[in-house]
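>>> Have a look; sequence and predicted model below, questions after that.
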Amino acid sequence: MALILVISIVLSFVIKTFFFKAFYIPSESMVPTLEENDRIFVNLMVPRNFALERGDVVVFKDTKGWLPPSSEGGQNWFQESLEFIGLLPDTSQQHLIKRLVGLPGDHVVCCDAQQRITVNGVALSEPYVNPAEIPRPVPFDVTVPAGKVWVMGDNRNHSSDSRYHNAQEPGNGFIDLGDVEGQAVVIAWPLNRLGALGNYPSTFSSVPSPK
């Protein structure tokens, strides 16, 4: 019995380290795709072994100071141990989750005459954006540098994303590829929301490669 437990812990740690990792959603920035308190699994092989794509939902480290400092002491040692080996989702407030809209080299603009985001001159139809509210346009015109990505929340009026950090802040709203933990692929909890997370390839299929 003890051997089975040890093997289970080791397998869980290996899976969490190299393949999939659980995360907890603490905010409403990705509604309706993700609800507050959802638990998700993130594919760690993207972008480590497989390239990111426009439309991917990505989890990334907050190295640019978008979030306030985390408060220590929220968990006991047992919870921290289970989180470390992968048996509990990562509840760290120092990770964020958004949808990838611009890859390196992409020219991303808000907005055209119909208030649509454009990528490399092509207007996007974005079915994942929260239909409950008309997004307030936040004008920007950026070209994504090499090694960076541009991210936005699906709940546009309630997401402090690349648009709101596109000024004199560190990174100018861009996220380093090295800070991307992985691609969110599955909602695991609650069970009534169990399902895969898509990246809406039809939304970006007409977008040309950057010049």
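Right, received. Where do you want to start?

>>> What helices and strands are in contact with the longest strand along the chain?
The longest strand of the chain (DSSP state E) is strand 180-189. With contacts taken as 3 or more CB pairs under 8 Å, 6 or more residues apart in numbering; DSSP states H and E, strand 180-189 sits against strand 20-24, strand 39-43, helix 45-48, strand 57-61, strand 195-196. (C-beta placed from N, C-alpha, C; glycine too.)

>>> okay if I get the ones you listed as TSV plus mean pLDDT, distance to residue 110 and mean neighbour count?
Listed next are the helices and strands packed on strand 180-189 as TSV, based on pLDDT from 0 to 100; distance: least, CB to CB, whole Å; neighbours: other CB atoms under 10 Å:
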stretch	mean pLDDT	distance to residue 110	mean neighbour count
strand 20-24	80	28	19
strand 39-43	91	27	23
helix 45-48	80	25	16
strand 57-61	95	20	22
strand 195-196	92	28	8
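
>>> of these, which approaches residue 140 most closely?
Across the helices and strands packed on strand 180-189, residue 140 has its closest neighbour in strand 57-61 (19.0 Å, CB to CB).

>>> Quick check: which helices or strands does the closest one pack against?
Against strand 57-61 (3+ CB pairs under 8 Å, 6+ apart) you get strand 95-102, strand 148-152, strand 180-189.

>>> Any buried residues in the longest strand of the chain, and which?
If you call a residue buried by 16 or more other CB atoms under 10 Å, then strand 180-189 has these buried ones: 180-185, 187-188.

>>> Output the residues you listed as CSV; include the columns pLDDT and distance to residue 160.
Output for these, formatted as CSV (pLDDT from 0 to 100; distance: CB to CB, whole Å):
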residue, pLDDT, distance to residue 160
180, 95, 18
181, 92, 19
182, 93, 21
183, 95, 21
184, 94, 18
185, 93, 24
187, 92, 22
188, 88, 25
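
>>> from these, which is closest to residue 136?
Closest approach between those and residue 136, by CB to CB: residue 184, at 25.2 Å.

>>> I'd say that closest one and residue 39 touch.
No - using CB atoms under 8 Å, residue 184 makes no contact with residue 39, being 10.8 Å away.

>>> To residue 68, which of the helices and strands packed on strand 57-61 lies closest?
Between residue 68 and the helices and strands packed on strand 57-61, the tightest spacing by CB to CB is seen for strand 95-102, at 12.3 Å.

>>> From the chain's centroid, how far away is the closest one?
4 Å (CA atoms, centre = their mean, to the nearest Å).

>>> Paired strands for it, with orientation please.
Counting by DSSP bridges, the strands paired with strand 95-102 are strand 57-61 (antiparallel), strand 148-152 (antiparallel).

>>> send the alpha carbons of the first one over as PDB?
Extracted in PDB, the C-alpha atoms of strand 57-61 (Å, rounded to 0.1, in the frame of the first residue of the first chain):
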ATOM      1  CA  VAL A  57      -5.800  30.500 -23.600                       C
ATOM      2  CA  VAL A  58      -2.500  30.800 -21.800                       C
ATOM      3  CA  VAL A  59      -1.300  30.900 -18.200                       C
ATOM      4  CA  PHE A  60       1.800  33.100 -17.500                       C
ATOM      5  CA  LYS A  61       3.900  34.300 -14.600                       C
END
